[in-house]
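**Q** got a structure for you, letters missing:
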């Protein structure tokens, strides 16, 4: 076990830190949370800056136009960006983390040439059309139907949890072209300006509208937009997952550590920090987040060596999501009645309480045991793939 | 950076596991249940010959490894339920405080002073006792050499752990302060105790999974039921997270540059970063050990409640260890000050 960074890794960190230090002060203030066209402009501008500085797609292979950084450098990239308070990937999430890597691995030469550069430069935004009202954890039961008609697929069905749909240019879409189950699924690129797409915003318990439902009614998609073979879309999707290098929740983890520190100072200001029960919970979360940071380094090291992070990702997600929720619960308790307001409040000392961001984080934490594989599905994965217990379905 | 367990460390763990399987199989260890001496002197010497107590001493006196290697070895000692004052003897040997500790001719105990009754483990076998005033910064360590005579103490007839004999004393003599190595003793002792706990967490996980695969009810292995699978998955999560915490803390102790870099990032002193990592590791390892032992008993059903099945030994030992170098309640409260 060695936590010492190499000279090259340190040089990567130093250069990035210097660039962030120069660049971040030049950014405009972030737009309002629900103004999606403005947020697209803001996120795209940030992506363009990364692109021009050579930091676009640090986790993409060089042949896909990315930087081809090692998993350890990817970790450093996320860590430095988070610590410097850089903007999040935002609306470019699906393109950079999912659709792009899929097209790199499985797309044809023309598809790569057409779609990859605008993702890296921030010029085009993607959304994801995977989940359906009746296909969540059991994604392979999806029913959105694509029927071949000459050079086109005619697609009808319904998608849900499509993030940033209203500002997206393309949608990575899973459709049923064949038999039931994994073997009848196809991966398509759907232009979001095609006729027959209706977008209905979906409001989360946080009140936010980053997700939408998509209603697809006889949407015509060229066969040339298919990635991989017909009915091979499940494998195509799984290949993309192998791009994960153990860094999936680095931003969220460091953010939780920051929120915990903020909560500790808030408890001191409010005069409740002497409570032993509270102190034990704070101490416990401190230990847990430190340990999860160590686990992240272990998963990244594993990925660096073997190309895959193994099931460490499931172990991390199970533990992190529950501790993030415990932090949210604690924050709401410390805030007491200040948690009843989503508007920023100030304490008797005139300084902000931070109730708005703690409240927002509490809401977000509730989704962590659900999104990207529920904790129950993650436990099934750990039980079957690590512990070798019998598979049950 | 490569935070995986290295090839050498994996071989070290395998080596110690093979040695323990040959020299100290569970039947041999269990033969001393309830006895005054939980481990025979020649078995203790065999541990010393393997280098268990001198892992971090420079060659030629020791093995010349780091604490990150020692925690790998101590995880195996915990797994195998090896009895005796392992941590105290290691600390005495690595600091050179007690002659014979390194060679296995002197057993050295650790006693955490507290407000409750004075209960000292393994007293009749001890040449000396390290008395630790606490686990936080500023705590002190005193050496009682020789150890108080066991004849003057009352042996506990029903110790919680049948493989951890106990003596009840009215009070402990003051002993001599060991100021220069006090902080090191507390730091390394906390971490090695945590490593033993990771061993208990890992072993009880393995026992539970093996049983879940073999035990049939309702016409199939109980491990085919998600209700049982999820208990096991949670055990793995606890063990892995605690193990990572222990290894990371050991790296910080071994490599000052790494600790300095962490401290600079976190805007804390190096001492504080190391202390937080060590205490956090102990807290998580204590909880993983106790909760995994409990979960393994649950997975074993009625058999888990029998004396015959060794799970209670892991639970009881884990509980003993969780009272040394800070209980989970003390550690978590103290960690809040380092948040």
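**A** That came through fine. Given the structure is predicted, the values throughout are model-derived calculations rather than measurements.

**Q** Next to chain A in this structure, residues from the stretch 51-200 of chain B, please.
**A** Residues of the stretch 51-200 of chain B lying near chain A by CB under 8 Å from any CB of the partner chain: residue B:68. C-betas here are computed from N, CA, C, even on glycine.

**Q** Quick check: chain neighbours aside, which residue is closest to the residue of the stretch 51-200 of chain B found nearest chain A?
**A** Of all residues in the stretch 51-200 of chain B, residue B:68 sits closest to chain A, at 5.2 Å by CB to the nearest CB. Distances taken as CB to CB, 6 or more residues apart in numbering or on different chains put residue B:250 closest to residue B:68, at 4.0 Å, once the chain neighbours are dropped.

**Q** Return the set of residues that bridge with the closest residue to residue B:85 other than its chain neighbours.
**A** Using CB to CB, 6+ apart and skipping the chain neighbours, the partner closest in space to residue B:85 is residue B:109 (4.4 Å). Bridge pairing for residue B:109 (DSSP bridges) gives the partners residue B:129.

**Q** my read: residue B:109 touches residue B:129, true?
**A** Yes - with contact defined as CB atoms under 8 Å, residue B:109 and residue B:129 form a contacting pair (4.6 Å).

**Q** shared neighbours, those two?
**A** B:88, B:120, B:147 (CB atoms under 8 Å, 6 or more residues apart in numbering or on different chains).

**Q** Am I right that the residue of the stretch 51-200 of chain B closest to chain A is in a helix?
**A** Yes - applying DSSP: H, G, I helix; E, B strand; the rest coil, one finds residue B:68 inside a helix.

**Q** Just the pLDDT at it, thanks.
**A** You'll see residue B:68 listed with a pLDDT of 98.

**Q** mind checking how far residue A:185 is from residue A:230?
**A** Distance, residue A:185 to residue A:230, by CB to CB, to the nearest Å: 10 Å.

**Q** between these two, who's got more neighbours?
**A** Neighbours per residue (other CB atoms under 10 Å in any protein chain shown) separate residue A:185 from residue A:230, with residue A:185 holding more: 27 against 18.

**Q** what about the closest residue to the more buried one other than its chain neighbours, how many neighbours?
**A** Nearest non-adjacent residue to residue A:185, counting by CB to CB, 6+ apart: residue A:233, 4.1 Å away. Applying other CB under 10 Å, we find 30 residues neighbouring residue A:233.

**Q** so who does residue A:210 touch?
**A** A:36, A:163, A:164, A:204.

**Q** which SSE is the residue lying closest to residue A:90 once chain neighbours are set aside in?
**A** Among residues not flanking residue A:90 along the chain, residue A:43 sits closest, at 3.5 Å (CB to CB, 6+ apart). In this assignment (DSSP states H and E), residue A:43 forms part of helix A:36-52.

**Q** what's the next helix or strand after that helix in contact with?
**A** Using DSSP H and E, the helix or strand that follows helix A:36-52 in sequence is helix A:71-84. With CB under 8 Å, 6+ apart as the test, helix A:71-84 has contacts from A:5, A:9, A:12-13, A:16-17, A:20-21, A:24, A:55, A:58-59, A:69, A:86, A:245-247, A:250-251, A:254-255, A:296-297, A:300-301, A:303-304, B:1, B:265.

**Q** for chain B, what are the nearby residues on the stretch 151-300 of chain A?
**A** Counting by CB under 8 Å from any CB, the stretch 151-300 of chain A sits next to chain B at A:260-261, A:264, A:273, A:276, A:278-288, A:290-295, A:297-298, A:300.

**Q** Show me those that map onto helices.
**A** A:260-261, A:264, A:276, A:278-288, A:290-295, A:297-298, A:300 (DSSP state H).

**Q** now those residues: which count as buried?
**A** Among these, those classed as buried by 16 or more other CB atoms under 10 Å in any protein chain shown are A:260, A:264, A:278-288, A:290-295, A:297-298, A:300.

**Q** so who does residue A:175 touch?
**A** A:142, A:144, A:145, A:146, A:153, A:155, A:157, A:185, A:186, A:188, A:233.

**Q** Mind telling me what element residue 212 is part of?
**A** I went with chain A, as the question did not name one. strand A:211-222.

**Q** hmm, I had chain B in mind actually
**A** helix B:179-214.

**Q** overlap in contacts of residue A:185 and residue A:230?
**A** In contact with both residue A:185 and residue A:230: A:177, A:178, using CB under 8 Å, 6+ apart.
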